[in-house]
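Undergrad: Provide a 3D model corresponding to the input given below.
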Amino acid sequence: METVNKPKSEQEKKDAYFQRKIAKRMGKAIVDFELIEEGDRIMVGVSGGKDSLALLELLALRRKFKKQNFEVVAVHINVLDLPYEVDREFLKSFCDNLDVSLVFRDINVDFERPSKKPACFRCSWHRRTTLFKMTGELKCNKLALGHHMDDAIETLLMNMMYQGSVCSMPAKLSMFQGNITLIRPLILLKDAEMREYSRIRKFVLEKELCPHEDVTKRKETTKMIDRIAGDDSRIRTNLFRSMSNVQTEYLPISKKK
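TA: Below is the predicted model of the structure:
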């Protein structure tokens, strides 16, 4: 007797629709910003958080169902001096199911050494530097990071408040004389959307979080945006769009350097 599949519940249908919407929005970013080209070998920096897991999964699936021919490699950088811990078994299984090779790399960061830079900045800088070095080692021409719209907005406001400059996170950035291109395929997606995607996909996140993550200027900026935006979804979108709509003639710009 043939087995008849039960019809999907309304929630399952909604979840499936939501996942398609997320994939489509990432696809729009890839097309609009020309993030992926034929023959690319893309390294994905996987922290073990929701954003990097979603990015890896969505890129791996796009590689299968789109006509573009590109490769995906996952890399996790583990900082030995922190109690932060990723679930390695889950990450290995996750990558195996996506048919993506995974590389673990341990590094040391001297947090005891006196520095004017906060611990998060130093940790991020060392992890990013290691990823850049590993692109050559793994013969990758692009590095994909899981930054989304909220990250870009927070960076914009932080630079305005603490650096006195109007700059943020570009979707695409050529680096090291064009040898590496940094791409952010999730740039058109919001943090709330990535949280929902993670819930639907049942991602197993970090076993132990970084002890410094709640004491950063970024966290303070996130809370500030939350207070301002409230339930008005337009505010985050408009803050992001403002970076493509800079009307310099209406800004008090001095000609003196």
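
Undergrad: Quick check: next helix or strand after the lengthiest strand in the chain?
TA: Across the chain, the longest stretch assigned as strand under DSSP state E is strand 71-79. As assigned by DSSP states H and E, the chain's next helix or strand after strand 71-79 is helix 88-98.

Undergrad: which secondary structure elements does the following helix or strand past that following helix contact?
TA: Of the helices and strands lying after helix 88-98 in sequence (DSSP H and E), the nearest is strand 101-107. With contacts taken as 3 or more C-beta pairs under 8 Å, 6 or more residues apart in numbering; DSSP states H and E, strand 101-107 sits against strand 71-79, helix 88-98, helix 119-137. Placement of C-beta: from N, CA and C, glycine included.

Undergrad: for these, which one ends up most surrounded?
TA: strand 71-79 (a mean of 21; mean count of other C-beta atoms under 10 Å).

Undergrad: Which strands border that one, and is each parallel or antiparallel?
TA: strand 41-45 (parallel), strand 101-107 (parallel) (DSSP bridges).

Undergrad: First-to-last residue distance for stretch 65-76?
TA: 25 Å (C-alpha to C-alpha, to the nearest Å).

Undergrad: Please work out which residues outside it touch it.
TA: 27, 36-48, 56, 59-60, 62-63, 86, 91, 95, 98, 100-105, 131, 134, 138, 140 (C-beta atoms under 8 Å, 6 or more residues apart in numbering).

Undergrad: Let me see the mean pLDDT of it.
TA: On average, the pLDDT along stretch 65-76 is 90.

Undergrad: thinking again about what came up before, quick one: which of the strands paired with strand 71-79 is nearest residue 8?
TA: strand 41-45 (30.1 Å; C-beta to C-beta).

Undergrad: angle of that closest one against helix 119-137?
TA: 160 degrees (axes from the mean of the first three to the mean of the last three C-alpha atoms, to 10 degrees).

Undergrad: How many residues are close by residue 167?
TA: Neighbours of residue 167 under the rule other C-beta atoms under 10 Å: 11.

Undergrad: so how far is residue 184 from it?
TA: 14 Å (C-beta to C-beta, to the nearest Å).
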